[in-house]
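Colleague: any chance you can model this:
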Amino acid sequence: MTIFTNTDDVSGLLPAEYGDLIIRPVEAASVALSVSSSVVIDAHDWHVPILTDDAGAAWVDEGDDLTNTEPKFAELVVTPSKVGAVIAISRELADDSSPEAAAAVADSIGRAIAAQVDRAYFGNLATPAPKGLDSLTGTTAPAVLSAGASWANTDPFAAAIASAQLEGATIDNFVANPVDYLQLMQLKRQVDSNEPLLGLDATSATRRLLLGVPLLASKHVEPGTIWGIPKQKAIVVIRKNVTVTTSDEVYFTTDRVAVKSTMRVGFAFPQPKALVKIELGV
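Modeller: So this is what the prediction gives:
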């Protein structure tokens, strides 16, 4: 028998706000969510209008007619895909009604789901995972810049910032693989100096700045690649109905309880040319 969130005898483990307890750890642990805008929807799909051509404007003499022009739009449809996790917890923890017990379970599930969200966001996974940044090719390809053979200075990142500005966007975060992140952390301002090239973020002791832009790390970014991401041009779409169910039958002989959580997540990149992919060796 499956025990659902409205079953009377599991109220200690699953309070009414448990769905929020799952979403909050995912938001905290996911790099994808921290560098993107997020939208929570009730519907099956989310439709994103994409401006493909601006309305026209022109100089005219006094009294002359203005030419009537209209902007042109296309549409991007996002259908969130299901991601979930199952963990086993002790009967004692399941019966513990303390907020700390619920948070411990939620954090574990949240971290597992966040890892899969980031893996899909920075990758190009097979269906049913949503398509991420590495899937953008052809007419939907991001701007691609070369950093040369190694990370030597901030020039590629200045070029990335300028590239996004040409598209009317502003890069809010750079995201690197931890290997590349370390190499950038070790760069010095000049020879025979121990002063790091990267700036310090006054709001976070562990965060570094590249030309004033926060630099984050994710193991799900391909080594040798750093993404420049304008927050308004990368959107994570989340279905509102996060599900949490439990079962005491799967681990019956060990007196444990299985807790399963699922949520639906999709990605939208409505202006891919505003995204910048900086690569070594290109």
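Colleague: which secondary structure elements does the helix or strand encompassing Val39 sit against?
Modeller: Taking DSSP states H and E as the definition, one finds Val39 inside strand 37-41. Under the contact criterion of 3 or more Cβ pairs under 8 Å, 6 or more residues apart in numbering; DSSP states H and E, strand 37-41 touches strand 235-239. (Glycine included, C-beta is placed from N, CA and C.)
Colleague: chain center to the helix or strand just after the strand it packs on: distance?
Modeller: Toward the C-terminal end, the helix or strand that comes next after strand 235-239 (DSSP H and E) is strand 243-247. Offset of strand 243-247 from its chain centre (Cα atoms, centre = their mean, to the nearest Å): 25 Å.
Colleague: so Thr67 touches Trp59, yeah?
Modeller: No - with the criterion set as Cβ atoms under 8 Å, Thr67 and Trp59 do not qualify as a contacting pair; they are 11.4 Å apart.
Colleague: which parts of the longest helix along the chain are buried?
Modeller: Using DSSP state H to define each element, the chain has its longest helix at helix 99-121. Residues 101-102, 105-110, 112-121 are the ones in helix 99-121 that count as buried (16 or more other Cβ atoms under 10 Å).
Colleague: likewise for stretch 174-181?
Modeller: 174-177, 180-181.
Colleague: check stretch 249-258 too.
Modeller: 256-258.
Colleague: contacting residues for Asp53?
Modeller: Asp53 makes contact with 71-72, according to Cβ atoms under 8 Å, 6 or more residues apart in numbering.
Colleague: please apply the same query to Leu275.
Modeller: With contact taken as Cβ under 8 Å, 6+ apart, Leu275 is in contact with 133, 136, 142-143, 164, 227-230, 233-234, 269.
Colleague: same check on Thr262?
Modeller: With Cβ under 8 Å, 6+ apart as the criterion, the residues that contact Thr262 are 82-84, 242-243.
Colleague: did I read that right, it in a strand?
Modeller: Yes - going by DSSP: H, G, I helix; E, B strand; the rest coil, the assignment for Thr262 places it inside a strand.
Colleague: and the closest residue to it other than its chain neighbours, helix, strand or coil?
Modeller: When the adjacent residues along the chain are set aside, Thr262 lies closest to Gly84, with 3.6 Å between them (Cβ to Cβ, 6 or more residues apart in numbering). Gly84 carries the three-state label strand when classified by three-state DSSP.
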